[in-house]
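[1] Need coordinates for the below:
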Amino acid sequence: MTAEYVTPGDTPRGALPGRPAPFVLAAGEGERAHLFDQLFTVLLSGDETQGQFGVFTMEAPRGRAIPVHAHDDVHEIFYVLDGQVRVAIEDDDGAVLDRVLTTGDFGYVPAGRRHQFRVESLRARTLGVSTGGFERFFAAAGERTDATMPPVVPVIPSSEQLGEAARRYRNEFFPDARLID
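    Residues are numbered from 1 along each chain as shown. As a prediction, this is how the structure comes out:
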């Protein structure tokens, strides 16, 4: 039996294969979306891993903190590829682990934990891994793009669009909460 290799050129706009199949992506390829001032690039989705996990990158300039949120059944990691990212994670007792992660640092957010992050350096890039399916939240909440850089003008979704994406991808926002000053 010969393995079938899928490359982005085999599918429109660099889309992923959508099924468990070996594939490769060149730098900058993947499914991209702008949300707020960030560029998210999905490298591997739950479709390719039978729902087990998704892999994505986030690139953004220094900016405001992402709203406090939690995902009841979604685990998430942050691995800083370049720059500095402040991550604040609430534990079971309500105490907050608040750290600035720098290049090479790692953070883990267990499912159900409220958390927030903010880029602290001029620019930052992170690698994220989450429970499969959640990686599609960014395109649903923002807008798909062919751009390879974060947006010049932030992409601010309507409350309806953000709410629908949050419901669909198991993301709960806490608009009155702050974990990062």
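[2] I'd say residue 151 and residue 33 touch.
    No - in this structure residue 151 lies outside contact range of residue 33 using C-beta atoms under 8 Å: 10.0 Å. Bear in mind the C-beta positions are built from the backbone N, C-alpha and C, glycine included.
[3] quick one: which of the two has more around it?
    The residue with more neighbours, out of residue 151 and residue 33, is residue 33; 24 against 18, by other C-beta atoms under 10 Å.
[4] how about the more buried one, what does it touch?
    By C-beta atoms under 8 Å, 6 or more residues apart in numbering, the contact set of residue 33 is 39, 40, 42, 138, 139, 142, 143, 144, 145.
[5] buried residues in stretch 45-65?
    By neighbour count with 16 or more other C-beta atoms under 10 Å, stretch 45-65 contains the buried residues 45-48, 53-61.
[6] Among those, which one sits closest to residue 24?
    For the buried residues of stretch 45-65, the residue nearest residue 24 by C-beta to C-beta is residue 48; the value is 12.3 Å.
[7] Can you tell me how far the closest one is from residue 28?
    For residue 48, the distance to residue 28 equals 19 Å [C-beta to C-beta, to the nearest Å].
[8] Can I get whichever helix or strand residue 32 is part of in PDB, CA atoms only?
    If you go by DSSP states H and E, residue 32 is part of strand 31-35. The C-alpha coordinates for strand 31-35 follow below in PDB (Å, rounded to 0.1, in the frame of the first residue of the first chain):
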ATOM      1  CA  GLU A  31      -5.800  28.100   7.000                       C
ATOM      2  CA  ARG A  32      -5.500  31.700   8.100                       C
ATOM      3  CA  ALA A  33      -7.900  34.000   9.900                       C
ATOM      4  CA  HIS A  34      -7.700  37.500  11.400                       C
ATOM      5  CA  LEU A  35      -9.400  38.100  14.700                       C
END
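[9] Please compute how far it lies from its chain's middle.
    9 Å (C-alpha atoms, centre = their mean, to the nearest Å).
[10] immediately after the helix or strand residue 164 falls within, which helix or strand?
    Assigned by DSSP H and E, residue 164 belongs to helix 159-168. The element immediately downstream of helix 159-168 (helix or strand, assigned by DSSP H and E) is strand 172-173.
[11] Need the residues that contact that next one.
    Strand 172-173 is contacted from outside by 67, 68, 69, 70, 71, 72, 162, 166, using C-beta under 8 Å, 6+ apart.
[12] Leaving aside the residues adjacent along the chain, what's closest to the last one?
    This means residue 166. Among residues not flanking residue 166 along the chain, residue 173 sits closest, at 6.2 Å (C-beta to C-beta, 6 or more residues apart in numbering).
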